[in-house]
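In: I would like to see how this sequence folds:
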Amino acid sequence: MKTAVVILNWNGRLFLEAFLPMIIKTCEGVADVVIADNQSTDDSIGFLQKVFPQIRVINTGGNLGYAGGYNMALKQIDAKYFVLLNSDIEVAENWIAPIISVMDSDNKVAACQPKILSFKERNKFEYAGAGGGFIDRYGYPFCRGRLFQSVENDHGQYNDTSEIFWASGACLFVRAEYFWEVGGLDEDFFAHMEEIDICWRFKHKGYKVMYCGSSTVYHLGGGSLDKSSPKKTYLNIRNNSTMLYKNLPSTQIYPIFISRFFLDLMAAVKFLIDGGVRHFVAVIRAHIGFYFSYKKNRVKRNQIEHQNVSMVYKGNIVIDYFFRRIKTFPELSQKKFTN
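Out: Here you go, the predicted structure:
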């Protein structure tokens, strides 16, 4: 089939038991379903062999993280479109066809995501992707339907199909040809922000990233690292710095990095004041980790043909949210989004 739904699994037997039956049902006659296993130590594989023997399982050979696990598995799959699907996703009926229709209609579309709602609060958007992702000029990611911890109820406000900056890695449709053209996911990220990085690289090639509100999935969230985990803080900040260095035009690197240093320092101090010593340390370690990887990242940067790209918010989402008290996407000045 031209579409392959690939679920990366690491000790996710309970998720597979809960969500795989509906995935298989909705993919019948539409897409192949493949499990990419990051060398799970629970009984995931035994469960699949017993209950779903028809499902292809690819063993990645180790816990390679999100980026490494998918790169390893996708090399072994022949399809026009890959769907990178988290194991903790519940899919709705007819979730695949609307997005494939969007991608078939325009060969410039490299990636697309559905509407992502919360599995626990089904009338709310989910943190990881919501109604489509954007970044501000300083590299802070946010979504339609979610600004920092403020999450909107879904009342059809994002039922459109529109261009975005990044599509969520929780349910990421990508055109296989373009995925490999830009080199796949950056395996040094391990986890977190690798989908934003590859979407940025798609845009440097002149491709589009889209959101399709007529497709819906429900994300449980917290399946790999909890939001309160210092490791998550470390990966987010280190990977964000790496992403910015790789993708920013040369004229923007120094002013953006100077600004981000002070903004991250403020975040670290706030962690410390709030008693989050381990998060404070994680911020410091993240910056050190980025600078220790400078030479490797410089090689990656030199492989990218940089250009100004669409859907970047030219404001500062931190200032807008915490000081101007803007809590929802429609309140942001639409004139500040580059087209």
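In: Arg175 is in contact with Ala111, isn't it?
Out: Yes: counting by CB atoms under 8 Å, Arg175 touches Ala111, with 7.3 Å between them. No exception for glycine: its C-beta is placed from N, CA and C like everyone else's.
In: what about the two, which has more around it?
Out: Neighbour totals were compared for Arg175 and Ala111, and Ala111 leads with 29 against 21 (other CB atoms under 10 Å).
In: Name the helix or strand for the more buried one, please.
Out: Ala111 is part of strand 109-118 when elements are defined by DSSP states H and E.
In: mean confidence score for that strand?
Out: Throughout strand 109-118, pLDDT has a mean value of 98.
In: mind listing what Tyr245 touches?
Out: If a contact means CB atoms under 8 Å, 6 or more residues apart in numbering, then Tyr245 has 253, 257, 290, 297, 301 as its contacts.
In: Emit the PyMOL select command for whichever of those are buried.
Out: Applying 16 or more other CB atoms under 10 Å to those leaves a buried subset, and the PyMOL line that selects it is:
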select buried, resi 257+290+297+301
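In: At which residues are the strands of this protein located?
Out: Secondary structure of the chain by DSSP state E: the strands cover 3-9, 32-37, 56-59, 81-86, 89-91, 109-118, 133-136, 141-143, 146-147, 150-151, 161-163, 171-175, 208-219, 312-313.
In: Neighbouring strands - and their directions - for the fifth one?
Out: I take that to be strand 89-91. If you go by DSSP bridges, strand 89-91 pairs up with strand 208-219 (antiparallel).
In: buried set for the strand it pairs with?
Out: Buried, per 16+ other CB under 10 Å, within strand 208-219: 208-219.
In: Any stretches of the stretch 101-250 of the chain with poor pLDDT?
Out: Counting by pLDDT under 70, the stretch 101-250 of the chain contains low-confidence ranges at 222-227.
In: can I see the domain layout of the chain?
Out: 3-219, 230-308 (automatic domain parsing).
In: okay if I get those as a markdown table plus distance to Asn316?
Out: Below are the domains of the chain laid out as a markdown table (distance: least, CB to CB, whole Å):
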| stretch | distance to Asn316 |
| --- | --- |
| domain 3-219 | 6 |
| domain 230-308 | 9 |
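In: Ser259: how many residues sit nearby?
Out: 14.
In: Give the closest residue to it in space, chain neighbours not counted.
Out: Tyr138 (5.8 Å; CB to CB, 6 or more residues apart in numbering).
In: Could you report the neighbour count for the one you found?
Out: By other CB under 10 Å, 21 other residues sit near Tyr138.
In: give the contact list for it.
Out: Residues in contact with Tyr138 (CB under 8 Å, 6+ apart) are 256, 259-260, 263, 316-318.
In: Which one of those residues is nearest to Ile7?
Out: Using CB to CB, Ile317 is the member of those that lies nearest Ile7, at 31.5 Å.
In: can you tell me which residues contact the residue of the chain positioned farthest from its centre?
Out: Relative to the centre of the chain, and counting by CA atoms, centre = their mean, the farthest-placed residue is Lys50 at 31.6 Å. Contacts of Lys50 were listed using CB under 8 Å, 6+ apart, and none were found.
In: Relative to Trp10, how far out is it?
Out: In this view, Lys50 and Trp10 are 19 Å apart by CB to CB, to the nearest Å.
In: cool, Arg146 as well?
Out: From Arg146 to Trp10 the distance is 25 Å (CB to CB).
In: Pull the number of nearby residues for Asn63.
Out: Neighbour tally, Asn63, other CB under 10 Å: 15.
In: With Asp320 instead?
Out: 20.
In: Check Pro255 too.
Out: 12.
In: Next up, the contacts around it.
Out: Pro255 neighbours (CB under 8 Å, 6+ apart): none.
In: I'd like the distance from it to Ala79, if you could.
Out: 42 Å.
In: now swap in Lys120 and tell me
Out: Applying CB to CB to Lys120 and Ala79 gives a distance of 32 Å.
In: Among the two, which residue is more densely surrounded?
Out: Comparing Lys120 with Ala79 by other CB under 10 Å, the one with more neighbours is Ala79, at 18 against 11.
In: Find the nearest non-adjacent residue to that one, please.
Out: Ala4 (3.9 Å).
In: show me what contacts the one you found?
Out: 31-34, 77, 79, 81-83.
In: Helices of the chain, residue ranges please.
Out: 13-27, 44-51, 65-74, 97-105, 176-181, 194-204, 230-247, 250-273, 277-292, 294-302, 317-322 (DSSP state H).
In: Let's have those helices in JSON lines, adding distance to Val57.
Out: JSON lines is the format used below for the helices of the chain (distance: least, CB to CB, whole Å):
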{"stretch": "helix 13-27", "distance to Val57": "11"}
{"stretch": "helix 44-51", "distance to Val57": "6"}
{"stretch": "helix 65-74", "distance to Val57": "10"}
{"stretch": "helix 97-105", "distance to Val57": "24"}
{"stretch": "helix 176-181", "distance to Val57": "20"}
{"stretch": "helix 194-204", "distance to Val57": "23"}
{"stretch": "helix 230-247", "distance to Val57": "27"}
{"stretch": "helix 250-273", "distance to Val57": "40"}
{"stretch": "helix 277-292", "distance to Val57": "33"}
{"stretch": "helix 294-302", "distance to Val57": "31"}
{"stretch": "helix 317-322", "distance to Val57": "41"}
